[in-house]
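J.: could you work out the structure for the sequence below:
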Amino acid sequence: MNKRGGFFLYSAFCILHSAFLCGCQSDFGAGGTGERVVAREKLHTIQPFDISESATTQASTEPSTRPSATTQSISVPITIEEVRQLALRNNLELKVTLIDPTIARQQLGVEQARFESLFTTNVNYTNTDQPTASQLTGAQTKDVNITPGVTIPLHTGGSLQFQMPFDRFETNNQFSTLNPAKSSDVLISLTQPLLRGFGTDANALGIRVAFYRYQESEARTKLEVIRVLAIADRAYWRLYAARQVLAVRKQEYDLANSQLNRARRQADAGVVAEVDVVRAESGVADKLEAIIIAENNVRDRERELKRVLNEPDIAIDSLTILVPATEPRAVAYELNAGRLVQQAMAGRMELLEQELLIAEQTANVAFARNDILPLVTLQYTYGINGLGASFDDSLTMVRDANFQDHRVGLTVEVPIGNEAARSRLRAALAQRMQQLASKEQRTLAIKQEVYNAVDQLEANWQRYLAARKRVVLAARVVEVEQRQFDQGLRTSTDVLDAQTRLANARSDEIAALTEHQIAQIDIAFATGTLLGASHVDWQATPPPPR
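T.: Have a look, this model is predicted:
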């Protein structure tokens, strides 16, 4: 078999083998290329839930507010300062956000690296053997060329290149004077756009945009830190309120039990009818239900605070009982809403982010304007040539600089119509207008938020004063109703209703005081600050090691 026939057979075998492999790999994208394959049942089948299978004990028919005897809970007092510290250290949402500035900083490094110098080396070996029509031309040649160089990008958009080619040329031409001939050259090349792509504004756009986005990520991260700390503060005070309400409901239950004992004594003495005892028993059952609801609310609020803190020692499923140790301050504040608005305009990170977005779009507009210009590129090359029987001789000739080259060129490209660049400019201008409108919208929303927070603070303070007065009056009503019950002038229902109104008044007082504290948090958040005397300095997550 000749060589040509063997080549064709080998080619046919390769084609058939490739077709066979393509036919076998029909499961590309379905696990055949290393993807994780999720079972179809997990994606398409919805399993039923039987709550009885998850039950661990037999349900009781009697209501109870006491924990199970098998559980051992530990009460841990916690202050508002400790809550903030744990939230900053462990909150998962904050951990995710703190990585954003690190990523943005590395992207900035990528853009800055565009102006790093580049070392290049080009090595070529050529061996030719071709027929010639003249004895003056070598039929066989060997050429080895090594060209090291350095390319330096310029901030003006051009590039400066330094090269030093070394060449060894050997031929069988008997008329060659130097065989082998060795040459050494020095080449300096400058390429510079003169219109489109000229200047720092056009070429530093990537760095400028990356830097703006890095600062935007820091602004968003600071906003997230403030938001998480505000959430932690609110969760703390709502847990405080839930525990205080639970204590009120327990006091209400104790008062109902006292009324039941009083009704039994009065019924035994014949002062009241037996139905008053039944009414008192019904009232005790009502108060027990209120305790159950309050206890469940405490567990919900406590679980919410544990989620925000994310501390391993007080996990969501732990039996640790968090007891707020910081008391709210019942202090009235006369606030200057206009001054708070000015503080919000200077401190809100959303406005700073909008300003950075506007600066980013302004840079894009400048680049788009430059992109409309024609492309005019200046090219200049300066060379010093050296040749000799050895590289020492050629380098000596280069050092003497007796043979110099100069080459100047100009390349011009003018788009006909240039509609694409004009459309990009119009789009950049529209995006900047959109960001300006967004800033105005955000400014108006922040003003509204500040004024609403100030009004809410005042309203909650007035609610607290009204609720405190209600508590005093409701307590007097309870005393009067109990005395008249002892005299047989009132029923158990009247006494229980008075006790309920007292408990509700105390609950409203607690709620108003807590909401007054939360309103202060809302005002601080609206102005871009934190409630308290100490400042918080956050740090981004450091990048992973290389």
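J.: could I get the pLDDT score of E111?
T.: Note on E111: pLDDT of 91.
J.: how many neighbours does it have?
T.: For E111, the count of nearby residues is 18 (other CB atoms under 10 Å). Every residue, glycine included, has its C-beta placed from N, CA and C.
J.: same thing with T177?
T.: Around T177 sit 8 other residues, with neighbours defined as other CB under 10 Å.
J.: what does T141 give?
T.: 17.
J.: identify the bridge partners of it.
T.: Beta bridges link T141 to T128, T171 when assigned by DSSP bridges.
J.: for the helix or strand hosting V245, packing partners?
T.: In this structure, V245 sits in helix 205-268 according to DSSP states H and E. For helix 205-268, the packing partners by 3 or more CB pairs under 8 Å, 6 or more residues apart in numbering; DSSP states H and E come out as helix 80-90, helix 92-97, helix 100-112, helix 275-309, strand 320-324, helix 349-372, helix 419-486, helix 492-526.
J.: of the ones you listed, which is nearest H406?
T.: Of all the helices and strands packed on helix 205-268, it is helix 349-372 that lies closest to H406, at 29.9 Å by CB to CB.
J.: how about the most centrally placed residue in the chain, what does it touch?
T.: Nearest to the geometric centre of the chain sits T97, at 3.5 Å (CA atoms, centre = their mean). Counting by CB atoms under 8 Å, 6 or more residues apart in numbering, T97 makes contact with R220, T221, E224, V225.
J.: how close does it get to V228?
T.: Taking CB to CB, to the nearest Å as the measure, T97 falls 8 Å from V228.
J.: setting aside sequence neighbours, what's the nearest residue to A466?
T.: If the residues on either side of it in the chain are set aside, A466 comes closest to A512, at 7.8 Å by CB to CB, 6 or more residues apart in numbering.
J.: can you list contacts of stretch 525-543?
T.: With CB under 8 Å, 6+ apart, stretch 525-543 has contacts from 80-81, 84, 88, 95, 98-102, 105-106, 218, 221-223, 225-227, 229-230, 233, 340, 343-344, 346-349, 446, 449-450, 453, 520-521, 523-524.
J.: now the buried members of these.
T.: Neighbour-count burial (16 or more other CB atoms under 10 Å) applied to the contacts of stretch 525-543 gives 80, 84, 88, 98, 100-102, 105, 218, 221-223, 225-226, 229-230, 233, 340, 343-344, 347-349, 446, 449-450, 453, 520-521, 523-524.
J.: pLDDT below threshold where in this protein?
T.: Residues of the chain meeting the criterion pLDDT under 70: 1-34, 49-72, 133-139, 175, 531-535, 546.
J.: could you count how many residues lie near L444?
T.: For L444, the tally of surrounding residues (other CB under 10 Å) stands at 10.
J.: which SS state does R407 fall under?
T.: When classified by DSSP: H, G, I helix; E, B strand; the rest coil, R407 comes out as strand.
J.: who wins for proximity to R208 among the helices and strands packed on helix 205-268?
T.: Using CB to CB and comparing these, the one that lies nearest R208 is helix 349-372, at 4.9 Å.
J.: for the very next helix or strand once past the closest one, packing partners?
T.: Along the chain past helix 349-372, the next helix or strand (assigned with DSSP H and E) turns out to be strand 375-388. In this structure, strand 375-388 makes packing contacts with strand 181-193, helix 391-400, strand 404-413, judged by 3+ CB pairs under 8 Å, 6+ apart.
J.: could I get strand 375-388 in CSV with only the CA atoms?
T.: Presented in CSV, the C-alpha positions along strand 375-388 are these (Å, rounded to 0.1, in the frame of the first residue of the first chain):
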residue,chain,number,x,y,z
LEU,A,375,-9.6,56.5,15.0
VAL,A,376,-6.2,58.2,14.1
THR,A,377,-3.2,56.2,15.2
LEU,A,378,0.4,57.4,15.1
GLN,A,379,3.1,54.8,14.7
TYR,A,380,6.8,55.5,15.1
THR,A,381,9.7,53.0,15.2
TYR,A,382,13.3,53.8,15.8
GLY,A,383,15.9,51.1,15.2
ILE,A,384,19.7,50.7,15.6
ASN,A,385,21.1,47.9,13.4
GLY,A,386,24.1,45.7,14.0
LEU,A,387,25.7,42.9,11.9
GLY,A,388,28.8,40.8,12.2
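J.: got a list of what the residue nearest to V454 when sequence neighbours are not counted touches?
T.: For V454, ignoring the flanking residues on the chain, the nearest one in space by CB to CB, 6+ apart is A337 at 4.7 Å. Under the criterion of CB under 8 Å, 6+ apart, the neighbours of A337 are V450, Y451, V454.
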